[in-house]
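Novice: My questions are about this predicted structure, shown below with the sequence.
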Amino acid sequence: MEKEIAIKLVNISKRFKNIYANKNVNLTLYKGEVLSVLGENGSGKTTLMNMLAGIYQPEEGEIYVNGELASIHSPKDSFKYGIGMVHQHFKLVDVFTAYENIILGLDRKTSKNTINEIKAIAQRYGFEVDLKKKIHDMSVSEKQTVEIIKVLYKNANVLILDEPTAVLTPQETNKLFNVIKKMREDNKSIIIITHKLNEVMEISDRVTILRKGEYITTLNTNETNEKELTEYMVGKKIDLNLERLRIQATQPILEIRDLNVLKDDGTVAIEHLDFYLRGGQILGVAGIAGCGQKEMCEAIVGLRKFKGSITHFGKSIVGFSPEKIKEIGISMSFIPEDRLGLGLAPNLSITDNMLLKTYNDNKGIFVDRTRGRKEAEDLIKRYNVVAPSTEVPVKNLSGGNIQKILVGREIGTNPNVIITAYPVRGLDINSSYMIYDILNEEKAKNTAILFIGEDLDVLMTFCDKIMVLCHGKNMGIIHTKNTNKEEIGLMMTGALDLTQVKKEEKYGIAEDSRLSEDEWKKLREEDQKNEDREQS
Amino acid sequence: MKIENNHDPLFTVFKRENITKKQQFLIRFIAIATSILFSIILCSIIVKKDPFTVLGIIFQGVFIDPWRFLENSALLLAFGVAIIAPFKMRYWNMGAMGSVMVSALASYVLINIFKNWVDNEGGSNALLLIMMFAASIIAGIIWSIIPAIFKALFNTNETLFTLMMNYIASALTLYVNYIMAKEQKLNPGIVSFYAGFFPTIIAPQFVPIVVIIIITVLMTIYMNKTKHGYEISVLGDSPKTAQYVGMKNKKIIIRTLVLSGLICGILGFLYISCKDHMASDSTGGSYGFTGVLVGWLSNFNTITMAIVSMFLTFITIGTEKVCSVSNVGNSYISSIVVGIIFFSILISEFFIRYRLVVKNKKNVDTGGVR
């Protein structure tokens, strides 16, 4: 059956100051299909979609909607053609409720019926949303739901989703995919921008690949595979196999026993967690987003109160200030969802950002910017950061370069323990490999590394061991060579708890601990006494 | 489906990506020159004199008393300098005026208490000045850190809080004046001409000007070179990051406002010991708010702040002179003129950030950003 064409882009070009963001791009979208737009960071995916959404206008080329030449000058025009876009960074009014956001900018008058219409849409596609809830009280996934309903309520037939899964947990992603499938059944067309290959394979009917702003090809998903897509995407054959450096691990450097941490809202984040890190070993942490990873990191580096014992080279570091912990060589880099929130000051220069953790190291009252500039220059050279100078604000750099600066700075302090959470979040393949290489170099120097990741494939190939967290509980720690994805998947969802299955195996307790069991007991008692005193 | 495009706006606003220093300067220069031209023409219409005469009167008004011009510029600059650090930290301190007022009041009360002792009983004026200095600084700091403590501990909104503190300060000043007058400790009309006066060096205005220049230079160094200044800029940019790298955010907020209060305290002391010799609810005048604008418009660059302060003072004094020469009641002209100038500076800031393109021409190079 010949499908009807919803949107056709012909030879679209868009320049930003003589640099082509899109050059002669062609794209066809049929009715009732899911089309993935795949490409590395900076390949022009978002720019292309922004032209459909009326945010940019193409300099050359034509857009056809339902077979007719369309001129889209503003988001409003775009809506008239039935095109709706959900941006990567949500465009919602924080202090408004979901309902108020949905009806915002509507041409029609609202009536008592409006809310029922919205509810009907939500029900039809299986959204769960509280329309009276304010946006600032919502989780990322709820906000996304509001954005999608908003677009649907405006009768959009073409939905563009810009990296919708980047900020979702696997469960939320599944929910979203179910919604997308229902929309497809409804004869709506969906464009989904992503660089997660497994999602492309799972959800889309066809996939259009862009590289450096140019159109490469369009493939039917069921006639291709991840390897082929990757080749088209990066343009050269890249080795999908990550290297796992095999070196002799040292005695435990960081040992953690019975760690208990609370979330901001007072609920349990981490419960009775034991684990240890050896030098020259990478311990991966797998787990669904938001199951205590962030709180665990914050507790270790002294940013969050906790109960339990933490030792570093056999000495307790409980109650140390963040500065003190940094001083003894524990470094943490956490890449948050918005990439900029923690660890960097976006409006300050690279030089100033280099100095964030060390500005207090020299004597006297002045900041040593000469040193900062030199460190910035070294880092730019070493990690091939693309930056016009050391004095540009960090926010002007691209995501990958920002992350290189953050990770590079953390490593530059010569730590003996590196805690890194989502270091490749949102990065393209080449930049990701750069980060893995940096971490491997550190591993070779006998640094202990805790790697909190999202991608199971990466964790499986890159780490020596994996600890699986489920709702703040340790589900077991396994050597990656002795396990498989299914097992870890089961543990992540709590279906398999190795600590219960194999009780004789003391997960997270090192046999060659730097302290004897008696010494641990004593330490625990002391810590407990302090905890009790704090409480009373 | 066909979309009508007749609703295109007459002109579209585009964001400027790159703007050279030269262009920026040119835009600002045009704005200020036009506003001055406009102001002079307005003045000449109101006072019914030709523009050149008006211009002459303005210059005459300023240069007949250059010390006054310099002192007023310095005071305006000082109010701007006092709020640099908090503003850089994104702590919108509107309370410089109140802090200066209470610190002036502290000095004034001390004069009243020790006036007789210094004038008639051989007490040391130097000692009184030292006490006044200390009292002013303490008062200034207290007034400035009260909102800061609330901000640090309870995350209250500092803009409203500091604004309200100004009203409390002026009410307090009136009240204390009333009490002192009632107790006959001082007849406000009869002022001692010795106690609490800073000795005149070169000119009465010389000391305040020098002190303010020193404070400005020190603050410039503090903000740009020291670790404290660095912490302030990090905290202002990203409080979360500051916390993550182990900065003590609460401590930094309070410390910075102590510094801001300290500058206000010195300023209050200068008002009493070198200038007004008495505290009223108009001490500091409108400089508290004008100072905020000066700081904001100069992007907290101290050198630009100095130039802007001098320029505004020049216009204010000049137009006041125009009013007095022409027997135009009070100095409303100068208020209008300053308003016009501020307005045109704001417009120029708009044109530095954006540009207008008339009608949606085909193939216009938008620089990519809309």
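Specialist: Great, that's in hand. Numbers count the residues shown, from 1 in each chain, chains lettered A, B, ... in the order given.
Novice: CA only for contacts and neighbour counts going forward, please
Specialist: Will do.
Novice: Can you tell me the centre-most residue of the chain?
Specialist: I'll assume chain A. In chain A, the residue lying closest to the centroid (C-alpha atoms, centre = their mean) is A:R425, at 3.9 Å.
Novice: oops, I was thinking of chain B
Specialist: B:G291 (1.5 Å).
Novice: Would you mind listing what in the stretch 351-500 of chain A touches chain B?
Specialist: Selection of the stretch 351-500 of chain A residues close to chain B by C-alpha under 8 Å from any C-alpha of the partner chain yields A:356-357, A:359-360, A:365-367.
Novice: Just the buried residues of those.
Specialist: Among these, the ones that count as buried by 16 or more other C-alpha atoms under 10 Å in any protein chain shown are A:356-357, A:359-360, A:366-367.
Novice: Please tell me I have it right and the residue nearest to the centre of chain B contacts B:A74.
Specialist: No. If you go by C-alpha atoms under 8 Å, B:G291 and B:A74 don't touch, sitting 10.7 Å apart.
Novice: quick one: the helices in the stretch 201-350 of chain B?
Specialist: With DSSP state H, counting those that start in this stretch, the ranges of helices along the stretch 201-350 of chain B come out as B:206-225, B:227-237, B:239-244, B:249-270, B:287-297, B:302-325, B:332-353.
Novice: looking just at contacts, which helices and strands does the fifth one meet?
Specialist: The reference is to helix B:287-297. Other helices and strands packing on helix B:287-297, by 3 or more C-alpha pairs under 8 Å, 6 or more residues apart in numbering or on different chains; DSSP states H and E, are helix B:66-88, helix B:96-120, helix B:302-325.
Novice: hmm, try it at 7 Å
Specialist: Packing partners of helix B:287-297 (3 or more C-alpha pairs under 7 Å, 6 or more residues apart in numbering or on different chains; DSSP states H and E): helix B:66-88, helix B:302-325.
Novice: between those, which one is nearest to chain A?
Specialist: Among the helices and strands packed on helix B:287-297, helix B:66-88 comes nearest to chain A, with 11.9 Å by C-alpha to the nearest C-alpha.
Novice: So what touches that closest one?
Specialist: B:62, B:92-93, B:96, B:205, B:209, B:212, B:216, B:232-233, B:236, B:256-257, B:260, B:263-264, B:287-288, B:291-292, B:294-295, B:300, B:305-306, B:309-310, B:313-314 (C-alpha atoms under 7 Å, 6 or more residues apart in numbering or on different chains).
Novice: What score does residue 104 have for pLDDT?
Specialist: With no chain named, the answer covers chain A. For A:L104, the model assigns a pLDDT of 85.
Novice: if you could check chain B rather than the one you did, that'd help
Specialist: For B:A104, pLDDT reads 94.
Novice: tell me, how many neighbours does it end up with?
Specialist: By the measure other C-alpha atoms under 10 Å in any protein chain shown, the count of residues near B:A104 is 36.
Novice: Rebuild the helices and strands packed on helix B:287-297 as JSON lines, extending it with mean neighbour count, mean pLDDT and distance to A:L515.
Specialist: As requested, those are exported to JSON lines (neighbours: other C-alpha atoms under 10 Å in any protein chain shown; pLDDT from 0 to 100; distance: least, C-alpha to C-alpha, whole Å):
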{"stretch": "helix B:66-88", "mean neighbour count": "24", "mean pLDDT": "93", "distance to A:L515": "48"}
{"stretch": "helix B:302-325", "mean neighbour count": "21", "mean pLDDT": "87", "distance to A:L515": "58"}
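Novice: from memory B:I345 sits against B:A33, does it?
Specialist: No. Using C-alpha atoms under 7 Å as the test, B:I345 is too far from B:A33 to be in contact (10.3 Å).
Novice: Please identify the buried residues of the host helix or strand of A:W520?
Specialist: Using DSSP states H and E, the element containing A:W520 is helix A:517-535. Neighbour-count burial for helix A:517-535 flags A:520, A:523-524, A:527 (criterion: 16+ other C-alpha under 10 Å).
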